[in-house]
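Asker: Test case, fold it:
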Amino acid sequence: MKPIPRAGLIGIGGFGIHHVNALIQLERENLCRFVAAADPNVPLTPPGAKHLRIYSDHETMLADNSLDYVVVCSPPAFHLNHVMTVLDHGAFVYLEKPPTPTYHQLERLLAYPGSDRVIVGFQMLEAPAVQSLKHRLSHGGVGPVRHVCSSGLWPRPDSYYRRAKWAGKMHCDEFEVFDGPLTNAFAHLLQQIFYILGDEHSRFARPACVRGWLARARDIDSYDFGWIRGKTTAGTTFEIAVGHCSAQLVPWQLDVHTTTGRMTMRESDIPPTHSALLLNAHRRAFSALAMEAPPTCALADCIGYSEATCSALISSGTIHDIPAHEKNVATNGNDALIDVPGIVSMVERAQQLGILTDPLNEWFSPGREVIPKEIHSLQLGEMYSSHETNFAA
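Answerer: So this is what the prediction gives:
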């Protein structure tokens, strides 16, 4: 009988608390022993964590414990360093999405010894609706995929951008961040596209070319609306438009157009809570640790996602400012929401038709076509101009 893996967690705040609860449940199932967690803001030991010791830094945690499985749920800016440190200690890594802010960091991580022991927590891929759609596209006789369209709007108030020092930033101190809907909250949706378009051999598709437009309605360093249109290496076109700059929620929708018709997956098709998906993602990860099954999303499976987001930034050229007269401020209690007129109707129309239409407005100007090899080895600051030059308000 194999020994029960000893598990640790880096990052308890924010989404990390969901991993705490998942690891406590998995300990009840005898899949692990949750023995250590690290966070600079040391909280009280969560109820139900019988064997847990909490540290103020991850290096001490790793030095004090012989861990087999470590969840990295720190801010994305720290993912590269934290994962490499965990790999140096010989542990298997469950890395919360997004894997790294930029492709050049992902490239470094893929070249690092032991990177095959890293899986990435795009846990929405575990949803039955996603698995069913991929199976139908691979085995269901629905014909080749011609086009995929995905869109959605999740309002985010002022407090969302105050919750952490890095929120809404491109850089924080000396670290690359690239925070925004495509690279944080809606990262699952973009990765879903590459997952369902991947054939059985490659599993995840990759873009051959990308056009992008990243913009901000709010006074932030990064973007709160992102648009990408591209083509995969297999020739299938895809597009996605997501944002936080509306006062109205528009649940995401993903449409797949094949030679025989259209298939639609909606946000309501996915379990409404994190717990079930996260538990399934960890169970799958422990199976990969035991070499009983391949991971759903290995580190190398994130190449297409990273190529798409970084190529979109180069294509956009800058983070565009949506002119002041094109937006208004809504209130949500004492919290303010930015609302761009027309953006809700644009997304709702896209979901009705299953395809995005151009333009959003007269200031919407997608950039040039970019091929992914243009982004390789570029650092974040080399991908775009930090000064808005394209619009006159």
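Asker: make it CA atoms for all contacts and neighbour counts henceforth
Answerer: Fine.
Asker: From residue 378, how far out is residue 108?
Answerer: Taking CA to CA, to the nearest Å as the criterion, residue 108 is separated from residue 378 by 12 Å.
Asker: next one: residue 261
Answerer: Applying CA to CA, the value for residue 261 to residue 378 is 40 Å.
Asker: Next: residue 138.
Answerer: Residue 138 sits 35 Å away from residue 378 when distances are taken as CA to CA.
Asker: Please, where are all the helices along the stretch 251-393 of the chain?
Answerer: Residue ranges of the helices in the stretch 251-393 of the chain, as given by DSSP state H, counting those that start in this stretch, are 274-289, 303-316, 343-353.
Asker: where exactly do the strands run in the stretch 101-250 of the chain?
Answerer: Per DSSP state E, counting those that start in this stretch, the stretch 101-250 of the chain has strands spanning 118-121, 145-153, 171-172, 175-176, 207-216, 225-232, 237-243, 250-258. These are given in chain order.
Asker: most packed of those?
Answerer: Highest mean neighbour count among the strands of the stretch 101-250 of the chain (mean count of other CA atoms under 10 Å): strand 118-121, with a mean of 27.
Asker: so how far is that strand off the chain centroid?
Answerer: How far strand 118-121 lies from its chain's middle: 12 Å, per CA atoms, centre = their mean, to the nearest Å.
Asker: Go ahead and produce PDB holding the CA coordinates of that strand.
Answerer: Presented in PDB, the C-alpha positions along strand 118-121 are these (Å, rounded to 0.1, in the frame of the first residue of the first chain):
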ATOM      1  CA  VAL A 118       3.400  20.600 -12.500                       C
ATOM      2  CA  ILE A 119      -0.300  20.600 -13.300                       C
ATOM      3  CA  VAL A 120      -2.400  23.800 -13.700                       C
ATOM      4  CA  GLY A 121      -5.700  24.300 -12.000                       C
END
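Asker: Other residues contacting it?
Answerer: 92-99, 281, 285, 295-299, 302 (CA atoms under 8 Å, 6 or more residues apart in numbering).
Asker: if we can go back for a sec, which one of residue 138 and residue 378 has more residues nearby?
Answerer: Using other CA atoms under 10 Å, the more surrounded residue of residue 138 and residue 378 is residue 138, with 18 against 15.
Asker: Tell me how far the more buried one lies from residue 150.
Answerer: To residue 150, residue 138 is 19 Å away according to CA to CA.
Asker: pLDDT score for the closest residue to residue 228 other than its chain neighbours?
Answerer: Closest residue to residue 228 in three dimensions, ignoring its sequence neighbours and counting by CA to CA, 6 or more residues apart in numbering: residue 212, at 4.5 Å. pLDDT for residue 212: 96.
Asker: For residue 212, list the residues it contacts.
Answerer: Under the criterion of CA under 8 Å, 6+ apart, the contact partners of residue 212 comprise 226-229, 311-316, 366-368.
Asker: at 7 Å instead, please
Answerer: When contacts are counted by CA atoms under 7 Å, 6 or more residues apart in numbering, residue 212 touches 227-229, 312-313, 315-316, 366-367.
Asker: and if you look at residue 313?
Answerer: Listed by CA under 7 Å, 6+ apart, the contact set of residue 313 reads 212, 214, 383-384.
Asker: Out of the residues you listed, flag the one nearest to residue 336.
Answerer: For residue 336, the nearest member of the contacts of residue 313 is residue 214. The distance, counting by CA to CA, is 21.6 Å.
Asker: Distance check, the residue nearest to residue 238 when sequence neighbours are not counted against residue 175.
Answerer: Excluding its sequence neighbours, the residue lying closest to residue 238 (CA to CA, 6+ apart) is residue 148, at 4.6 Å. Applying CA to CA, the value for residue 148 to residue 175 is 34 Å.
Asker: for residue 77, same thing?
Answerer: Distance, residue 77 to residue 175, using CA to CA: 6 Å.
Asker: What's the local residue count around residue 301?
Answerer: Per other CA under 10 Å, the neighbour tally for residue 301 reads 22.
Asker: contacting residues around the closest residue to it other than its chain neighbours?
Answerer: Spatial nearest neighbour of residue 301, chain neighbours left out: residue 204 (6.0 Å); criterion: CA to CA, 6+ apart. Counting by CA under 7 Å, 6+ apart, residue 204 touches 194-195, 197-198, 301.
Asker: and if you look at residue 79?
Answerer: 99-100.
Asker: Am I right that it is in a strand?
Answerer: No. According to DSSP: H, G, I helix; E, B strand; the rest coil, the state of residue 79 is helix, so it is not within a strand.
Asker: mind checking pLDDT for it?
Answerer: For residue 79, pLDDT reads 98.
Asker: Can you tell me how far it is from residue 237?
Answerer: Distance of residue 79 to residue 237, computed by CA to CA: 31 Å.
Asker: same check, this time on residue 60
Answerer: Here the distance between residue 60 and residue 237 works out to 47 Å (CA to CA).
Asker: do the same with residue 16
Answerer: With CA to CA as the criterion, residue 16 and residue 237 are 35 Å apart.
Asker: what does residue 327 give?
Answerer: From residue 327 to residue 237 the distance is 31 Å (CA to CA).
Asker: Please apply the same query to residue 47.
Answerer: Remark: distance between residue 47 and residue 237 (CA to CA) = 48 Å.
Asker: go on, residue 215?
Answerer: Separation of residue 215 from residue 237 (CA to CA) stands at 22 Å.
Asker: Just give the number of residues close to residue 68.
Answerer: Other residues lying near residue 68 total 19 when counted by other CA under 10 Å.
Asker: got the contact list for the nearest residue to it once chain neighbours are set aside?
Answerer: Once its chain neighbours are removed from consideration, residue 68 has its nearest residue in residue 91; the separation is 4.7 Å (CA to CA, 6+ apart). Shown here is residue 91, whose contacts under the criterion CA under 7 Å, 6+ apart are 67-70.
Asker: No more questions from me, cheers.
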